[in-house]
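Asker: return a 3D structure for these sequence lines:
(2 chains)
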Amino acid sequence: MTLSASELLLPDFSSHPAHAGKYAAPTPGDCPAFFPKKVHRDDAAHLDALEAQSIYLLREAFHHFKALCMPWSMGKDSNVLIWLSRKAFGGHIPYPLLHIDTTYEFPEMLVYRDWAVKYHELNLIVKINEDARAGTGEYAQRGPIGYETADPVTVTHELKTAALQQVMAEHQWSALITGIRRDEDPTRAKERYFSPRNKDFEWDYKDQPPEFWNQFTTSCAAGEHVRVQALLDWSERDIWQYIQREGIPIPHMYFSRKGPDGKQYRFRSLGCWPISGPVESEADTIDKIIDELATTKTSERAGRAQDHHERNAMQKLRAKGFM
Amino acid sequence: MSLASSVPVSLAPGQTSRLRVVFVGHVDHGKSTLIGRIFYDTNSFPDGKVDQIRNACLEEGMDFEYAFLLDALLEEQEQNITIDTTQIQFKTERRPYVIIDAPGHKEFLKNMITGAASADAAVLLIAANEGVQEQSRRHGYLLSLLGIKQVVVAVNKMDLVDYSQETFAAVQAEYLDFLSRIGVEARAFVPISARNGVNVASRTAEAGAPNPMPWYVGPTVLEMLDTFEPPAPLVAMPLRMPIQDVYRFDHRRLLAGRIESGTLRVGDELVFSPNNKVSVVASIEHWSGEEKTVALAGESVAFTLKEQIFVQRGHVASHSSHAPIESNRFKARLFWMGKRPLLIGQSYKLKLATQELDAEVVSVENVMDASTLEVVTGERTSINRNDVAEVTLQTRGALVMDNHDRNPFMGRFVLVDDRQVAGGGIIHSGVYADRTKVKSANIYWSEGNVSGRNRSLRNGHEGAVLWLTGLSGSGKSALARELERELFNSGRQVYVLDGDNIRHGLNSNLGFSKEDRLENIRRVSEVARLMADAGLIVITAFISPYIQDRRRAREIVLEGGHEFAEVFVDTPLEVCEARDVKGLYKRARAGEIPDFTGISAPYEAPENPEVTVKTAQSSLAECTASVLEYLAPRIRRSGEDEFSI
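Answerer: Numbers count the residues shown, from 1 in each chain, chains lettered A, B, ... in the order given. Got it, this is the predicted structure:
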């Protein structure tokens, strides 16, 4: 927590194309993080059990896999993971974090990233699939990959999964700590806490290893890796209740801003700006978000284009190594 | 939009605990349909989902199925069966639920166990038109094996038998008879039609519709689930905290783990099993929370100790008055789901809480077919997939455990084959010893012929030499004996070389001249290397005052490809002389012993010892701990991620 008050404030992003749509640019001069007021709600007692299990999983991961890393999207779930990691290891995070930068990040998220690196004293590795963006190397034939020229499933695969494969090979990590949750998607509902991936990052969801009594798949062959899914049991609402209970700093983009049409919008799930749509929402506090989630019947990732590009797109992406 | 993304679960104040319910039963008896129906009836599907599926069915000329709502994966839709355990949430007015959908196919048993092992309650489905099937029995038995006591039996597809009370009564009678034989009590039998929504959330799908089973007056499936309770953490039980890890990220030495049962308080005297090391809780550490002096069952915590004794992953903290069982031979009921059969006498990795030990099944009392409950006795060389067997297991080194009926967390274990969990077991009939009277109840057994091909694989560790050096009376022998005891008790091959066993035999022809001292150390070095070749951890306890002698010892051992650690037992001369256990200093001062190290001969202190222990300032337990902490990761056998002393 070495940040000074005037360091890393948000510049003016109003002319950035990410804000050409419904979601307005942030107020210049603001701190890039939102600090929730700590509130204990009486319907949040179950968070203790979720927290204890997640900390247990993180400690198991760290014990069994010395070469491991925690991908960090800067979103709400992965900020909860940072918080849980610090709780698990007495304030320290004994593994590096990884940001796969697609180069289509919302500009204020990048400021938030740099802010959080200082605030949490993170060891952050940033990876961009440069060849894919430039159309060089193995992409020389296909040309540059981007939302301007390719469909969202292809872009997601090349700029996220392929980038992850490259950086995994570089660092020889044998485990990744992920923040996926069972309630996000039906394929994720079938996940294990410790979920092995083969050399090609493939997930054999038809033949998963047994997992019970808190005994996990804790080793893998060279070149393979294990995904440690420390938030699997949490729901979207749990995440928000926990952020509120603990006062975890998060990006502002989850909160409502007035759009050019006069309506209020916020993001439920953050991804690349060309394919992330905000939802109409008045929620500008965590209490309002929690209340909103109690009544909404649309799914969290409904605003993410790559999930809906074709039937079973998410399943195909995940079988190929997407988180 | 995703098919089964569930609507977020909201909670009424004070009703916060989720109940985890597993749905089991024979394939095609309607699990997915019932779950789909429950989601539909509790209004838990996302907007437009039901219409979307209904239209898709219409387009393809199929009848609408509630199961389609759930079976989201392409393969499942194509094969019309559930492939893997799925967990999704819904809520009733009473509370939120996690539904665990476990596949019914025999070959998917591991998924069924994966799903059911974490459940608080179970719904077991039997189709009325097919009656009790093999899987109905097998799943019922597994629920009893896993200790799930809150069971409701839903007799489904009543619409296919004209809602016949007789058919329902016959299924109920047959299954009740089975359950009574395995000691399971079903809380209710509910006749239902999942497809038509009868007795699922309400009597009939639509309010006011005629009730096709007026003869049934019991609860609906959801009403029954609402009567169940999630288990409370075992706060009132004796303390069990399996150590997950020991962290030294800063000045603190944190012992981390989850309290599986009982209560841990600052100031508590804890006994760590195995080996009965005792220390007092100095603090319960916290980051970004409130300071605390008490932690309860279910919490993941980190704490510090007053005396820094040797503790590492796998050790179990308890209070001395209610310590767990410590043994290397125990009885268990074992189920096997490995791709290969379990071979009697073959070594498998056993995991119990955070302990990992090599273990083998040494005898099989009987094997049970879980579906027919037929018990087979007689000579066995293997236990097959889907068998449940009464066995005796033996571990290399002491295992800390409880009987399962006393403490489930410490009374169950898994066996690993080919990197995957391949079997599980429930421990019973263990005898609790009074720790205040019996120091260690370990029984060690002899091994068969040692294969020369891979000693380290057999031993579970590499050979190594711990070279203790220090003045006479510095505490080398006491440290060597303590290290030997610790390593031996944890199943390691270890031996101490000291004056007592070397001077009287091998080196009985040597005196104390400079040349003889040099030859003495040379022979000790060579013998230590040979013993390390043989796979042993060798601890030498000689003054060995000369840097040059110790350097040569190191070279000899390193030549053999073994770990060599110089341990400087750094005790000031005044302290050694004050101790003067054998009266040697007195005699040396009187001039009776010539060339006495420290008095009339030099002691060349090590320049870069691997470990330094200061016996004048630290307890024997702390000195032992620091040597073991250094040694543990270095004698890990090659290719192993894990090593525990």
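Asker: residue A:113 touches residue A:74, doesn't it?
Answerer: Yes. Counting by Cβ atoms under 8 Å, residue A:113 touches residue A:74, with 5.3 Å between them. The way it works is simple: take the backbone N, C-alpha and C, and place the C-beta from them, glycine included.
Asker: which neighbours do the two share?
Answerer: residue A:99 (Cβ atoms under 8 Å, 6 or more residues apart in numbering or on different chains).
Asker: tell me where the stretch 51-200 of chain B has strands.
Answerer: Assigned by DSSP state E, counting those that start in this stretch, the stretch 51-200 of chain B shows strands spanning B:86-91, B:96-101, B:121-127, B:150-156, B:188-191.
Asker: for the ones you listed, give me a markdown table that also has distance to chain A.
Answerer: Below are these laid out as a markdown table (distance: least, Cβ to the nearest Cβ, whole Å):
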| stretch | distance to chain A |
| --- | --- |
| strand B:86-91 | 5 |
| strand B:96-101 | 8 |
| strand B:121-127 | 14 |
| strand B:150-156 | 18 |
| strand B:188-191 | 26 |
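Asker: turn the ones you listed into a markdown table, including mean pLDDT and mean neighbour count.
Answerer: Below are those laid out as a markdown table (pLDDT from 0 to 100; neighbours: other Cβ atoms under 10 Å in any protein chain shown):
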| stretch | mean pLDDT | mean neighbour count |
| --- | --- | --- |
| strand B:86-91 | 78 | 22 |
| strand B:96-101 | 86 | 24 |
| strand B:121-127 | 95 | 26 |
| strand B:150-156 | 95 | 25 |
| strand B:188-191 | 96 | 22 |
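Asker: now the ones you listed as TSV including distance to residue B:59?
Answerer: TSV is the format used below for the strands of the stretch 51-200 of chain B (distance: least, Cβ to Cβ, whole Å):
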stretch	distance to residue B:59
strand B:86-91	26
strand B:96-101	26
strand B:121-127	29
strand B:150-156	28
strand B:188-191	34
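Asker: measure the most far-flung residue of chain A relative to its centre to chain B for me?
Answerer: Each residue of chain A has a distance to the centre, and by Cα atoms, centre = their mean the biggest one is for residue A:141: 31.3 Å. Here residue A:141 is placed at a distance of 31 Å from chain B (Cβ to the nearest Cβ, to the nearest Å).
Asker: need the pLDDT of that residue.
Answerer: pLDDT recorded at residue A:141 is 93.
Asker: ramachandran angles for it?
Answerer: Main-chain dihedrals, residue A:141, degrees, to the nearest 10: phi -70, psi -40.
Asker: and it, how close does it get to residue A:133?
Answerer: 15 Å (Cβ to Cβ, to the nearest Å).
Asker: also residue B:329?
Answerer: Counting by Cβ to Cβ - residue B:329 and residue A:133 are separated by 62 Å.
Asker: compare these two and say which one has the larger neighbour count.
Answerer: Ranked by neighbour count (other Cβ atoms under 10 Å in any protein chain shown), residue B:329 and residue A:133 place residue A:133 first, with 19 against 15.
Asker: show me what contacts residue A:98?
Answerer: Residues in contact with residue A:98 (Cβ under 8 Å, 6+ apart) are A:69-72, A:124-127, A:164, A:167.
Asker: switch the cut-off to 6 Å
Answerer: A:69, A:71, A:125 (Cβ atoms under 6 Å, 6 or more residues apart in numbering or on different chains).
Asker: keeping just the C-alphas, turn the host helix or strand of it into PDB.
Answerer: Applying DSSP states H and E as the criterion places residue A:98 in strand A:97-100. Extracted in PDB, the C-alpha atoms of strand A:97-100 (Å, rounded to 0.1, in the frame of the first residue of the first chain):
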ATOM      1  CA  LEU A  97       0.000 -12.800 -11.600                       C
ATOM      2  CA  LEU A  98      -0.600 -12.900 -15.300                       C
ATOM      3  CA  HIS A  99      -2.500 -10.400 -17.400                       C
ATOM      4  CA  ILE A 100      -3.300 -11.600 -20.900                       C
END
